[in-house]
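Q: My questions concern the predicted model and sequence given below.
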Amino acid sequence: MAITRRQFIAAGGAAGILLSTPLVAGTTATRVELVSAARAIALGKNQRLQISDHGRQALWYRHGSPINLTTGAANETRIVAAALDGDNAVLLDRSQRRLSWFRPDGTLARHIDLTDLLEPADFVLNGDHAVIADVHGHRLMRLDIRNETRTWLESDQPLNGPASLAKTAERITLLTLGDRRLHHFTLAGHSLGSEVSTLTMPGGLAAVNGQLLIMDRCQKQLCWADRSSPLLTLPQTGAQQLAHLSWQPGSNLLISV
């Protein structure tokens, strides 16, 4: 049973509210949680990162207790993405162009500078590699996080504003904002071709139980990649906007509004 438009609208936008009917992807149901005033990123293992103050503050929630993660001076910091690498949390700082690893106690373990990128916007981890989207550099980097070697990934079409990444068990998908295109790659970084999204203004991706979910900021809706009808919709007349979506196995689908 999928979530209806009426149930999503009725949920309003209160922080942490759970919709009563789960989202169904494949054969598995996932609860949907709306989060306001922060960008919520699911990390898996019942953990999440919540980013506020325009990326200057990052709180890592482990076992219910928040740990403040600091990558530098607040005016130089803009955290935009995060993932787990083993027990460590990895944060992408857009302003400092840096990946930083934090131990479970919140101390900094290591970092990798990304000075060859103009404006990193998102990343996914796959084994010993990170794939990083450079939105203003119009490039996609595959970084070996052990020896820090870098390669550039090519698609069948130019990468016009790479902005959001999602990884399933079989592939990695990149959304480019300039042409509303979805670029597909193998986990090793080889191009599988691309396609134009049917959405008016796609702004983010999430892989949910092996299926690709796309956020459309203009229409305030979420759609599966292979369907044009909306799965979730905010009222067009309201002030709320879909800002970010994130999911990991065992977590809720976190929708930041």
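A: Structure's in. What do you need?
Q: Name all residues that make contact with the most centrally placed residue in the chain.
A: Nearest to the mean C-alpha position of the chain, counting by CA atoms, centre = their mean, stands S246 at 5.3 Å. Going by CB atoms under 8 Å, 6 or more residues apart in numbering, S246 touches A40, I41, A42, A206, L253, L254, S256. C-beta here means a position set from N, CA and C on the backbone, and glycine is covered the same way.
Q: With neighbour count and secondary structure added, can I get those in CSV?
A: CSV is the format used below for the contacts of S246 (neighbours: other CB atoms under 10 Å; DSSP: H, G, I helix; E, B strand; the rest coil):
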residue, neighbour count, secondary structure
A40, 25, strand
I41, 28, strand
A42, 24, strand
A206, 22, strand
L253, 25, strand
L254, 24, strand
S256, 24, strand
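Q: now, among the residues you listed, which is nearest to V32?
A: L253 (4.8 Å; CB to CB).
Q: what's the distance between the nearest residue to D156 once chain neighbours are set aside and Q57?
A: Excluding its sequence neighbours, the residue lying closest to D156 (CB to CB, 6 or more residues apart in numbering) is G193, at 5.0 Å. According to CB to CB, to the nearest Å, G193 and Q57 sit 39 Å apart.
Q: Looking at these two, which has the bigger crowd around it?
A: Legend: neighbour count by other CB atoms under 10 Å for G193 and Q57, higher for Q57 (16 against 11).
Q: That one contacts P66, correct?
A: No - using CB atoms under 8 Å, Q57 is not in contact with P66, being 10.2 Å away.
Q: who's in contact with L114?
A: With CB under 8 Å, 6+ apart, L114 has these contacts: R97, R98, L99, P120, I132, M141, L143.
Q: For the stretch 1-150 of the chain, which segments count as helices?
A: Here the stretch 1-150 of the chain has its helices, by DSSP state H, counting those that start in this stretch, at 5-10.
Q: List the beta-bridge partners for H184.
A: Counting by DSSP bridges, H184 is bridged to T173.
Q: cool, and I132?
A: Going by DSSP bridges, I132 forms beta bridges with F123, M141.
Q: neighbours of it, just the number please.
A: Using other CB under 10 Å, I132 is surrounded by 26 other residues.
Q: Tell me who's in contact with it.
A: Contacts of I132 (CB under 8 Å, 6+ apart): L92, L99, L114, L117, P120, D122, F123, L140, M141, L143.
Q: Then L118?
A: D134, V135, H136, G137.
Q: Tell me the buried residues within these.
A: When neighbours are counted using 16 or more other CB atoms under 10 Å, the contacts of L118 contain these buried positions: D134, V135, G137.
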